[in-house]
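Novice: Sequence and predicted structure are below.
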Amino acid sequence: MKPPAAALACLLAGGLLVSCQSAPSARPVPERPNLVILFADDLGYGDLACYGHPVIRTPNLDRMAAEGLRFTQFYSASPACTASRYSLLTGRLPARSGFAWVLGPKSVRGLHPEERTLAEELRQAGYATAAFGKWHLGRPERFLPLQHGFDEYLGLPYSNDMRPPKWESMPLIDGDEVVELDPDQTQLTRLYTERALDFIERQQDRPFLLYLPYAMPHVPLMPGAAFAGRSPRGLYGDVVEEIDWSVGAILGRLRQLGIDRRTLVVFTSDNGPWIIQGEEGGSAGLLRDGKGSTWEGGVREPGIFWWPGAIAAGGTERSVASTLDLYPTALRLAGRPLPPGETRDGLALDGRDLLPVLLGEAPQQRDPLYFHGPGHVLHAVREGPWKLHVVTSSQTGLDYFDGKLPLLFHLERDPSEEHDLAEEYPEVVARLRRLIDEHQAAVAAEGSRFEPGEAAGGR
Ligand code: MG
């Protein structure tokens, strides 16, 4: 069932979220709902049962999808960890960040203080804010979550493989303090989940933002004892099933506390599967390639939205959406809608409000999506069903089309990107090339303010 049109009209009236009690047929939508973002690391499009995996058991995510809305063309903003997290928290394309690509443990750079994160925005709207998990937006203290709008933090400041013997000891950070070195990673999913449940309990009477970026299924795969050796998919399946347990625990606690109907929960991943890890990497299903690549397998992700009473149960959404869209959507829900236009305080914004799509009122009228590869070189653009690659790369070392460029694919007829149509549709190629040229000029015009030499920048 779709919410009545009157409900959406009231939601959008004056840019403020209201309950619309005066509209007798309207389904009340809570003001300032809680927002929970569950963010897997290196999970592929094909790694959940509800996205077609034949043996990995994800009953809680399957139920979340059955009770909510499952996107089939949902994108991470980047095929790499740091850049993807930057975009999730700012609503801005990673090319605007000043990061060259992925931050290492010794990087002196981090999320620029002028960026306005989702946590900062929601905190100003009266939300309690917490992040429990992998940060990866700068290790120095001035870049940690507490300096970017989060009231609480517990987690690893970067990827769980950045550890001895290749690197120095890896810190587990609570707030700004290192509380343990090289923690037992088999405890991480449970630890983050317990902190998340505790946070929900403590903040149940006020709006909150809970950001839970899991350490896994990024390698090393370290399932808890209760999950190790259980999945026929091996260690990879074990850690995904533990994440599924975590999701079930969180949704269950929201129901138990009676706050599920005023909580929007989103589950997705930062980038596609790390396929060069062999069995320890995931699967992008029918999509080509994986992490680090702007082929579909690197950037298209499971995207599940759950909000009982507001989002109709059991929907499948086929329009294009992105992690970039969470930022403006959350701000609208928090009663802080973004002003018209694509910039605010001189900062370009690349996300679009997803609320009409979530409420079943309108398909997403998505602007072109741009995909950048290593070094933030622009690799591809998607507009409607069309995707044009002007650069390709793969961690596998494979060049699937023997160096031919550009490459044009119709992603709805050919989601696996197998049939290049560049010669057959030169007018589409020309149009998408123009979009790329215009976009690159616009990004270059803003990019200088975050160049290396300031507080942020490349690796
Ligand atoms: Mg990742």
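Specialist: Everything's here; your move.
Novice: from here on, contacts and neighbour counts on C-alpha atoms
Specialist: Noted.
Novice: give me every residue that touches Ser159.
Specialist: 134, 136, 215, 218 (Cα atoms under 8 Å, 6 or more residues apart in numbering).
Novice: mind running it again at 6 Å?
Specialist: With contact set as Cα atoms under 6 Å, 6 or more residues apart in numbering, Ser159 has no partners.
Novice: Name the SS class of it, please.
Specialist: Classification of Ser159 by DSSP: H, G, I helix; E, B strand; the rest coil places it in coil.
Novice: and the gap between it and Thr82?
Specialist: 9 Å (Cα to Cα, to the nearest Å).
Novice: Ok, Ala128 next?
Specialist: Distance of Ala128 to Thr82, given as Cα to Cα: 24 Å.
Novice: Equivalent analysis for Thr294, please.
Specialist: 15 Å.
Novice: between the two, who's got more neighbours?
Specialist: Thr294 (31 against 27; other Cα atoms under 10 Å).
Novice: Assess the claim that Thr316 and Arg70 are in contact.
Specialist: Yes: using Cα atoms under 6 Å, Thr316 is in contact with Arg70, at 4.8 Å.
Novice: Return every residue with contacts to both of those two.
Specialist: By Cα under 6 Å, 6+ apart, no residue touches both Thr316 and Arg70.
Novice: pLDDT averaged over stretch 204-219, what's the number?
Specialist: Mean per-residue pLDDT for stretch 204-219: 97.
Novice: first to last residue in that stretch, what's the distance?
Specialist: 34 Å.
Novice: next one: stretch 103-112
Specialist: 13 Å.
Novice: what's the answer for stretch 203-210, then?
Specialist: Length of stretch 203-210, first residue to last, Cα to Cα: 10 Å.
Novice: starting at the chain centroid, how far to that stretch?
Specialist: Put simply, stretch 203-210 sits 21 Å off its chain's centre (Cα atoms, centre = their mean, to the nearest Å).
Novice: same question, stretch 302-311
Specialist: Taking mean C-alpha positions (Cα atoms, centre = their mean), stretch 302-311 and its chain are 15 Å apart.
Novice: Could you export it as CSV, CA atoms only?
Specialist: This file holds the C-alpha atoms of stretch 302-311, laid out as CSV (Å, rounded to 0.1, in the frame of the first residue of the first chain):
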residue,chain,number,x,y,z
PRO,A,302,22.1,-3.8,-2.0
GLY,A,303,20.0,-0.9,-0.7
ILE,A,304,17.3,-1.7,1.8
PHE,A,305,15.1,1.0,3.4
TRP,A,306,12.9,0.1,6.4
TRP,A,307,10.4,2.4,8.1
PRO,A,308,7.3,0.7,9.4
GLY,A,309,4.2,2.8,8.8
ALA,A,310,5.9,5.1,6.4
ILE,A,311,7.5,2.9,3.8
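Novice: Give the rounded mean pLDDT of it.
Specialist: Averaging pLDDT along stretch 302-311 yields 97.
Novice: residues making contact with it?
Specialist: Outside stretch 302-311, the residues that touch it by Cα under 6 Å, 6+ apart are 45, 65, 68-71, 74, 261, 263-268, 358-359.
Novice: The chain - how does it break down into domains?
Specialist: Domains of the chain are assigned by automatic domain parsing as 33-368, 370-446.
Novice: follow-up on the earlier one: inside helices: which ones of the contacts of stretch 302-311?
Specialist: 65, 358 (DSSP state H).
Novice: Can you pick out the most distant pair from the contacts of stretch 302-311?
Specialist: Within the contacts of stretch 302-311, Tyr45 and Arg261 form the most distant pair, 27.6 Å apart (Cα to Cα).
Novice: And the two? Which one has more around it.
Specialist: Tyr45 (33 against 18).
Novice: State the distance from the most centrally placed residue in the chain to Val299.
Specialist: Centroid-nearest residue in the chain: Thr323, 4.5 Å away (criterion: Cα atoms, centre = their mean). Remark: distance between Thr323 and Val299 (Cα to Cα) = 10 Å.
Novice: Can you pull the residues that touch both of the two?
Specialist: Ser76.
Novice: Below-threshold pLDDT in the stretch 51-200 of the chain: ranges please.
Specialist: Applying pLDDT under 70 to the stretch 51-200 of the chain flags residues 100.
Novice: Mind doing that once more with 80?
Specialist: 98-101 (pLDDT under 80).
Novice: residue boundaries of the strands in it?
Specialist: With strands called from DSSP state E, counting those that start in this stretch, the stretch 51-200 of the chain shows them at 69-75, 128-132, 152-155, 171-174, 177-181.
Novice: Confirm Gly282 sits in a helix?
Specialist: No: counting by three-state DSSP, Gly282 falls outside a helix, being coil.
Novice: Use 59 as the first number from now on
Specialist: Done: numbering now begins at 59, and the last item shifts to Gly340.
Novice: How about it: what's its closest non-neighbour residue?
Specialist: Nearest residue to Gly340 in three dimensions, chain neighbours excluded: Pro331, at 4.6 Å (Cα to Cα, 6 or more residues apart in numbering).
Novice: State the distance from that neighbour to Met228.
Specialist: Taking Cα to Cα, one finds Pro331 at 23 Å from Met228.
Novice: between these two, which one's more packed in?
Specialist: Pro331 (32 against 21).
Novice: ok now do that one, which residues does it touch?
Specialist: Shown in contact with Pro331 (Cα under 6 Å, 6+ apart): 100-102, 339-341, 348-349.
Novice: what does the stretch 59-208 of the chain put close to the ion?
Specialist: 99-100, 139 (Cα under 5 Å from the ion).
Novice: Among these, which one has the most neighbours?
Specialist: Asp100 (29 neighbours).
Novice: Now do the same contact list for that residue.
Specialist: 275-276, 329-331.
Novice: Kindly recompute the last result at 10 Å.
Specialist: 137-139, 272-277, 327-333, 339-341, 348-349, 356, 359 (Cα atoms under 10 Å, 6 or more residues apart in numbering).
Novice: can you tell me how far the residue lying closest to it once chain neighbours are set aside sits from the ion?
Specialist: Excluding its sequence neighbours, the residue lying closest to Asp100 (Cα to Cα, 6+ apart) is Pro331, at 4.7 Å. With distances taken as Cα to the ion, to the nearest Å, Pro331 is found 8 Å from the ion.
Novice: next one: stretch 281-296 to chain centre, how far?
Specialist: 24 Å.
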